[in-house]
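**Q** Dropping a prediction and its sequence here:
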Amino acid sequence: MSLLDNLPHKCTIRKRIHTLGSTGGNKQTYENVSTSVDCWEQAISASEKMEYKKRGVNASRYIYFSSPVNLDETHQILITERFGVSVSSPKVLDVVAETSPDASVGFDLLYQVLVDDRSSNV
């Protein structure tokens, strides 16, 4: 069994939606799109972080998936399990770039999402 058959983390994927608040104004919230999704969280290197910063993008890590996921800047990812252990307070990660195929791993392909730590909790 390869790593790609058993990714070490699980996550919940949420999408931003707009609803009416109690005063009738527009309110932003998130709803779960998928739960218990197999993934692999990896921190980006300092040089990658600087390179993204030069392009005006704040990023802290990659999230890899073994199958295509259609995520964009309206999504958030919460890592809910690491190596079979539940995370009691999942960190909210904002997607900062659309999903893209990453370099092949052996004969398989991983799908990469660039994320950053959420600056405020919503």
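**A** Perfect, I can see it now. As the structure is a prediction and not an experimental result, all values here were calculated from the model.

**Q** contacts and neighbour counts: CA atoms only from here.
**A** Noted.

**Q** residues in contact with stretch 20-28?
**A** When contacts are defined by Cα atoms under 8 Å, 6 or more residues apart in numbering, stretch 20-28 is touched by residues R16, I17, H18, T19.

**Q** my read: S66 touches L110, true?
**A** Yes. Judged on Cα atoms under 8 Å, S66 makes contact with L110 at a distance of 5.0 Å.

**Q** in the sheet, who's paired with the residue nearest the centre of the chain?
**A** For the chain, I77 is the residue whose C-alpha lies nearest the centre (Cα atoms, centre = their mean; 3.9 Å). When bridges are taken as DSSP bridges, the partners of I77 come out as I13, L93.

**Q** Pull the contacting residues for it.
**A** Contact partners of I77, counting by Cα under 8 Å, 6+ apart, are C11, T12, I13, R14, V92, L93, D94, V95.

**Q** Relative to N6, how far out is it?
**A** 19 Å (Cα to Cα, to the nearest Å).

**Q** Please enumerate the strands of this protein.
**A** Taking DSSP state E as the criterion, the chain contains strands spanning 9-20, 26-43, 61-65, 75-82, 85-86, 92-95, 100-105, 108-117.

**Q** Worst mean pLDDT across the helices and strands of this structure, which element?
**A** For the chain, the helix or strand with the lowest mean confidence is strand 100-105, at a mean of 66 (criterion: mean pLDDT, DSSP states H and E).

**Q** for stretch 75-95, the distance to its chain's centre please.
**A** 9 Å (Cα atoms, centre = their mean, to the nearest Å).

**Q** what's the first-to-last distance across it?
**A** 6 Å.

**Q** average pLDDT for that stretch?
**A** The average pLDDT within stretch 75-95 is 93.
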